[in-house]
Structure formats: C-alpha cells, structure tokens
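> what's the 3D shape of this:
(one chain, ligands or ions: 1)
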Amino acid sequence: NRSFENIETAVKGKIGLIELNRPKVLNALNRQMVTEILEAMEQYDRDPDIKIIVLAGKGRAFAAGADIDEMMDADAISLETLNQFTDWDRLAWIKKPIIGAVHGFALGGAFELALCCDMLFASEKAEFGFPEVNLGIMPGAGGTQRLTKLVGKTKAMEWVLSGKRISATEALHFGIINSTFAEEVLMEETMKFAGNIANQPPLAVRMIKESIHKAVDYSLYEGMQYERKNFYLLFASEDQKEGMRAFKEKRKPDFKGK
Ligand code: CO8
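Reported below is the predicted structural model:
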C-alpha cells in the first residue's frame with residue numbers, strides 16, 4: 001500500500017473508499033491524481049477482502065474539473081505524446097462496482113469521472129456540468145460520448161454546447177444519478193448501499209456489472225450472447241449451489257465468491 005498525495009484511501013469493512021483530496025482547489029484533477037485514483041482502484045480490485053469501491057471528494061466539492069493550471073500551457077503535440085487518457089481507459093477494466101458520491105460540484109473532467117462510476121448518489125444541492133466550452137475547449141475524457149449514450153443527443157447537445165449547470169434534480173430526472181440525499185447523510189447512505197452490495201455473491205456481482213457494461217457497446221444480439229455465457233459461467237460456482245440450496249432449506253446463504 002503506497003501513500004498518495006492527491007487522494008486519501010480507507011478500507012471500511014468490505015468497502016474500498018477513495019476520496020479526492022485537494023480541497024483548496026476544489027479537488028481539481030491533475031494528472032497525478034487521476035493516476036493515483038487508478039492505482040488505488042486497481043489495488044482494491046485485486047484485494048479479495050474488498051467487494052466494492054466508493055469514490056467521493058473531500059471539502060466543498062466532489063471536484064471542479066481538470067486542473068486548469070496544468071492545462072493552460074499545454075499544446076497538442078505534448079498532449080498527444082503524454083497520452084494521459086490511457087489512465088482513464090484502465091477505469092473500464094475495474095471489475096468491482098464503483099459508486100460515486102457527489103456533493104458540491106462535479107464539473108468537466110470531474111463529471112466525466114462521475115460518469116465512469118457504475119452508480120451515482122448525490123447531495124440535493126450537487127451541480128453537474130461541462131463548462132469546457134467556456135474555456136475554448138471540450139470534454140476529452142469521454143464526456144460527449146458517455147453523456148450522450150446516457151441521456152440521448154437532445155440534452156447532451158444543450159448541456160455541452162451551453163456549458164450550463166445541471167442540478168441534482170435534473171440529473172435524477174434524466175437518469176444520470178441514482179438518488180439524492182441531504183448533504184449531511186450522503187456519505188452514510190452511500191456507504192450503507194455499498195455495504196449491501198458488498199454482501200451480495202461476488203461472482204454474480206462481477207458478471208452482472210460486466211454484462212450491463214456490454215449493453216452500452218454491443219448490439220442487442222451480441223449483448224444477449226455475452227449475457228448467456230456469463231449466466232452459464234455462474235453455474236460453475238459454489239455460490240450458485242449455495243444460493244439455491246439455502247433457498248430450498250429456508251436459510252440465509254453463505255456466499256464465498258467461489
Ligand atoms: N482547476 C484549477 N483550479 C481550480 C479549478 C480548476 N478546474 N476549479 C477551482 N479552482 C480553484 C480556484 O482557482 C480557487 O483557487 P484560489 O483560491 O487560489 O483562487 C479555488 O479553487 C476555489 O475556487 P473558487 O474561488 O472559484 O470557488 P467558487 O465557489 O467561487 O466557484 C466553481 C466554484 C464555480 C466550481 C469555480 O471554481 C469554477 O468555475 N471552476 C472551474 C470549473 C471548470 O471550468 N471546470 C472544467 C475544467 S476543464 C476540464 O475539466 C476538461 C476535462 C478534460 C479531460 C479531463 C482530464 C483530467
């Protein structure tokens with residue numbers, strides 16, 4: 001376990017918590033922070049005692065976007081050779097569910113990071129948005145793609161072209177987030193939900209996450225074939241035998257992730 005400079009990590013039972021930790025700049029995401037997030041997630045993903053990952057921000061906001069100080073003097077060629085988005089690509093390989101808890105702002109790159117989570121809980125006052133257009137740029141870590149796949153072209157165009165903020169109520173309405181909570185109880189409620197998923201049979205959880213992700217990219221036919229293989233695969237697990245036996249014996253199942 002190495003120590004991180006831009007994030008804080010903590011294990012709470014079966015939950016691996018990651019908190020963005022540059023509160024003085026509203027957790028502006030510099031490249032090192034993104035690398036650290038990925039390293040922490042991969043560590044949790046390999047750890048058999050961790051079943052789920054929660055991502056949140058310390059201080060006043062989830063995060064106010066990519067670090068503008070770091071981007072100001074960038075040029076196209078240095079960005080191409082730096083190839084920073086390979087870190088973001090690795091996010092797609094995290095097998096355990098990732099739940100985001102958003103309070104304050106999730107703007108620009110931070111909204112993109114939130115959209116990489118499998119589920120999102122937010123405080124009632126949280127605000128989302130892609131203000132990149134106001135800086136003469138555009139989202140670069142999947143924003144135009146993920147948001148459009150999630151809410152469709154109509155609202156994605158409106159929000160990304162205008163750069164305007166999306167309230168938690170609107171985000172809930174358009175299916176961007178799962179639920180809202182009062183800010184004081186956001187973390188508690190998120191951890192409670194994560195704790196429940198952490199007690200589900202781990203292999204089933206893994207195959208469900210993977211299959212739902214395929215629905216975004218695959219045709220319905222290919223997605224169904226993929227789902228079917230995962231469904232069959234779970235019948236190779238002890239947890240399937242245990243789950244069904246426990247049902248017949250009217251007792252609680254004892255899942256082992258095997
Ligand atoms: N980068 C660097 N510093 C920031 C950022 C940022 N994105 N956001 C806020 N800060 C700093 C401020 O400069 C300020 O520092 P200081 O105290 O030294 O002046 C401190 O954080 C507090 O911020 P404010 O005083 O501005 O706080 P307010 O409550 O008045 O305003 C806002 C909050 C509205 C969130 C405001 O800070 C703001 O508009 N921030 C910028 C939002 C933005 O444009 N984000 C998009 C950035 S572009 C982007 O994300 C591109 C993504 C592409 C790929 C992703 C790669 C990681």
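
> C-alpha only now, for contacts and for neighbours.
Fine.

> Do you know the pLDDT at Glu188?
As predicted, Glu188 sits at a pLDDT of 98.

> which residues touch it?
Taking C-alpha atoms under 8 Å, 6 or more residues apart in numbering, we find Glu188 in contact with no residue.

> just to confirm, which helix or strand has it in it?
Here Glu188, judged by DSSP states H and E, is contained in helix 186-198.

> so after that helix, what's the next helix or strand?
Downstream of helix 186-198 (by DSSP H and E), the next one is helix 202-217.

> What count of nearby residues applies to Trp237?
No, residue 237 isn't Trp; it's Ser. The tally of other residues near Ser237 (other C-alpha atoms under 10 Å) stands at 15.

> let me redo that: Tyr221
Neighbour tally, Tyr221, other C-alpha under 10 Å: 10.

> Find the nearest non-adjacent residue to the residue of the stretch 151-258 of the chain found nearest the ligand, please.
Residue of the stretch 151-258 of the chain nearest the ligand, by C-alpha to the nearest ligand atom: Gly163 (9.0 Å). Leaving aside its sequence neighbours, Gly163 sits nearest to Pro131 (C-alpha to C-alpha, 6 or more residues apart in numbering; 4.2 Å).

> which ones are touching the one you found?
Counted by C-alpha under 8 Å, 6+ apart, Pro131 has contacts Leu107, Gly108, Val160, Ser162, Gly163, Lys164, Arg165.

> With Leu38 instead?
Here Leu38 is in contact with Asp87, Trp88, Arg90, Leu91 (criterion: C-alpha under 8 Å, 6+ apart).

> which among these are in contact with the ligand?
The subset of the contacts of Leu38 within reach of the ligand, by C-alpha under 6 Å from any ligand atom, is empty.

> could you flag which of the residues you listed are buried?
Buried members of the contacts of Leu38, scored by 16 or more other C-alpha atoms under 10 Å, are Asp87, Trp88, Leu91.

> Identify those among those residues that sit within helices.
Within these, residues falling in helices by DSSP state H are Asp87, Trp88, Leu91.

> Is it possible to get a markdown table of those residues that adds distance to Val205?
Formatted as a markdown table, those follow (distance: C-alpha to C-alpha, whole Å):
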| residue | distance to Val205 |
| --- | --- |
| Asp87 | 24 |
| Trp88 | 22 |
| Leu91 | 17 |
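
> Tell me the one of the residues you listed nearest Cys116?
Of all those, Cys116 sits closest to Leu91, with 7.4 Å by C-alpha to C-alpha.

> correct me, but that closest one touches Cys117?
No - the pair Leu91 and Cys117 fails to qualify as a contact (C-alpha atoms under 8 Å) at a distance of 9.1 Å.

> just curious, which of the contacts of Pro131 is nearest to Glu70?
Nearest to Glu70 among the contacts of Pro131 is Gly108, at 14.3 Å by C-alpha to C-alpha.

> need the contact list for Thr169.
By C-alpha under 8 Å, 6+ apart, the residues touching Thr169 are Glu124, Thr180.

> Give me the local confidence score for it.
Thr169 carries a pLDDT score of 98 in this model.

> Near the closest residue in space to Tyr226 that isn't next to it in sequence, how many other residues are there?
Of all residues not flanking Tyr226 in the chain, Ser211 sits nearest, at 6.8 Å (C-alpha to C-alpha, 6+ apart). Ser211: 21 surrounding residues under other C-alpha under 10 Å.
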